[in-house]
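# here is my input; please provide its structure:
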Amino acid sequence: MVGLGAVPAIVLAICLRFCPESPRQLIFHGKTEEAARVLSKIFPNATEIQVQEKVQHLTIHIEEALAMTDQGGIWRQMKMLYTVPSNFRALLVACGLMAMQQFTGYNTLMYYSSTLFGLVGFGNPIAVGTIIAGTGFGCTLIYFVIIDRFGRRFILLSTMWGMALFLALVAVGFHWIPVKHDLTLDKSFVGWSGYLVLAAMIIFVVFYSLGIGNLAWVSSEFFPIEIRALGTMMMTCTCWGGNIVVASTFLTQVENTTPSGAFGFYAALCFIGWVGVYFCYPEVKGMTLEDIREIFNHGFGVKYARGVQKEMKRQKAESNGIQA
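Numbers count the residues shown, from 1 in each chain. Coordinates of the predicted model:
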């Protein structure tokens with residue numbers, strides 16, 4: 001059973017041999033011709049002139065990044081991450097969203113699904129937990145289709161309120177389930193409240209997997225290339241740090257505040273996260289990584305990014321009009 005975990009890793013290792021290197025990484029190491037070949041594969045309809053213009057555009061920005069990081073190594077990058085205002089704002093938004101991903105309580109469903117559905121009264125809680133996991137997997141596939149069509153900010157604002165609402169319904173359902181302080185039931189049959197909890201959890205997972213569950217990882221695009229690796233590392237640390245906090249406190253929280261109190265608490269955190277996204281998360285759909293770095297030079301960039309998106313739509317409309 002443990003050995004099965006090696007199968008995805010082996011498949012990934014094989015597939016990586018056929019995955020081209022990032023054009024930016026190639027240019028970073030002086031391999032401009034190879035970068036041009038990769039760009040030609042990414043943009044098969046682009047002309048040779050357009051590909052070369054893209055290479056030149058990337059080269060200018062990468063040379064600027066190299067000039068910033070030539071001296072000081074990792075410590076200079078760390079200083080830039082925390083002392084350059086635009087970088088620090090990007091770090092706050094990226095790590096804040098990652099922390100919120102964990103504090104929605106989703107992983108409590110993954111780690112303790114059998115315990116939770118045992119409390120609800122289901123006779124085969126493991127099978128019910130599998131439904132939750134399968135729902136998350138299916139919605140993740142849908143996420144790949146919608147992210148660039150609807151945009152990051154729109155998806156987050158459209159899903160996080162749903163997460164808060166259905167976690168609140170989970171709390172309501174648990175209120176009518178007679179759970180003792182030692183997390184055992186006074187009765188063993190599943191009533192309407194048990195089915196409410198199950199339905200609300202499934203819909204919560206739908207919203208989570210379509211939104212913050214996957215989108216939190218995309219925030220690495222907020223970091224300029226000279227600090228992107230370090231910024232992504234901080235996001236990952238935030239993820240696992242939050243994971244440890246939630247996993248280690250959940251059962252104690254359920255015992256002391258009841259399941260209703262625990263899920264009501266997570267519902268409140270989801271709503272707080274929605275407010276944070278509304279005021280601090282800019283829409284960067286369709287922008288290049290080089291253009292995104294300009295966003296956080298204008299505060300958290302929500303209003304500025306909105307103006308950029310309008311300008312991009314205007315230019316696209318004009319381009320379509322000319323082609324027609």
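
# can we go C-alpha only for contacts and neighbour counts from here?
Noted.

# tell me the pLDDT of R293.
pLDDT for R293: 85.

# burial count for it?
18 (other Cα atoms under 10 Å).

# where does the residue sitting nearest the centre point of the chain fall, secondary structure wise?
Centroid check for the chain by Cα atoms, centre = their mean gives A216 as the closest residue, at 1.8 Å. For A216, the host element (DSSP states H and E) is helix 212-218.

# give me the element the closest residue to the residue nearest to the centre of the chain other than its chain neighbours is part of.
When the adjacent residues along the chain are set aside, A216 lies closest to M98, with 5.2 Å between them (Cα to Cα, 6 or more residues apart in numbering). Element membership of M98 [criterion: DSSP H and E] is helix 85-103.

# buried ones in that helix?
86-103 (16 or more other Cα atoms under 10 Å).

# ok, stretch 45-55 next?
V51, Q52, V55.

# confirm the second one sits in a helix?
So the one you mean is Q52. Yes - Q52 forms part of a helix when assessed by DSSP: H, G, I helix; E, B strand; the rest coil.

# now it: closest residue in space, sequence neighbours ignored.
Per Cα to Cα, 6+ apart, closest to Q52 is A36, 6.8 Å.

# the one you found against R24, yeah?
No - contact between A36 and R24 fails when scored by Cα atoms under 8 Å: they sit 10.3 Å apart.

# ok, W217 - how many residues close by?
18.

# residue contacts, the closest residue to it other than its chain neighbours?
Once flanking residues are discounted, W217 sits nearest to M98: 7.3 Å by Cα to Cα, 6+ apart. Counting by Cα atoms under 8 Å, 6 or more residues apart in numbering, M98 touches A216, W217, M235, T238, C239.

# how far off centre is stretch 290-305?
19 Å (Cα atoms, centre = their mean, to the nearest Å).

# roughly how far apart are I146 and I155?
9 Å (Cα to Cα, to the nearest Å).

# these two: which has the busier surroundings?
Taking other Cα under 10 Å, I146 and I155 do not tie; I155 has more neighbours (20 against 14).

# for that one, which residues are in contact?
Contact analysis of I155 by Cα under 8 Å, 6+ apart lists I147, L210, G211.

# ok, how many other residues are close to the last one?
Counted with other Cα under 10 Å, residues neighbouring G211 total 27.

# backbone phi and psi for it, please?
phi -120, psi -110 (degrees, to the nearest 10).

# and the next helix or strand past the one helix or strand in the chain whose mean pLDDT sits lowest?
Of all helical and strand segments in the chain, the minimum by mean pLDDT, DSSP states H and E falls on helix 106-120, at a mean of 79. As assigned by DSSP H and E, the chain's next helix or strand after helix 106-120 is helix 125-150.

# give the buried residues for that next one.
For helix 125-150, using 16+ other Cα under 10 Å, the buried residues are P125, I126, V128, G129, I132, T135, G136, F137, C139, T140, Y143, I147.

# secondary structure element holding the residue nearest to A267 when sequence neighbours are not counted?
Leaving aside its sequence neighbours, A267 sits nearest to A164 (Cα to Cα, 6+ apart; 4.3 Å). Using DSSP H and E, A164 sits within helix 152-175.

# now swap in V308 and tell me
helix 302-323.

# got a list of what N87 touches?
By Cα under 8 Å, 6+ apart, N87 lies in contact with M80, L81, F223, P224, F296.

# top of those residues by neighbour count?
Counting by other Cα under 10 Å, top hit in those: F223 with 26 neighbours.

# quick check, that one in contact with M235.
No - contact criterion Cα under 8 Å: F223 and M235 do not qualify, at 11.0 Å.

# any idea which helix or strand comes after the one helix or strand A6 maps to?
For A6, the host element (DSSP H and E) is helix 6-16. Next in sequence after helix 6-16, counting helices and strands by DSSP H and E, comes helix 23-28.

# for that following helix, buried residues please.
Along helix 23-28, these residues count as buried under the neighbour rule (16+ other Cα under 10 Å): P23, R24, L26, I27, F28.
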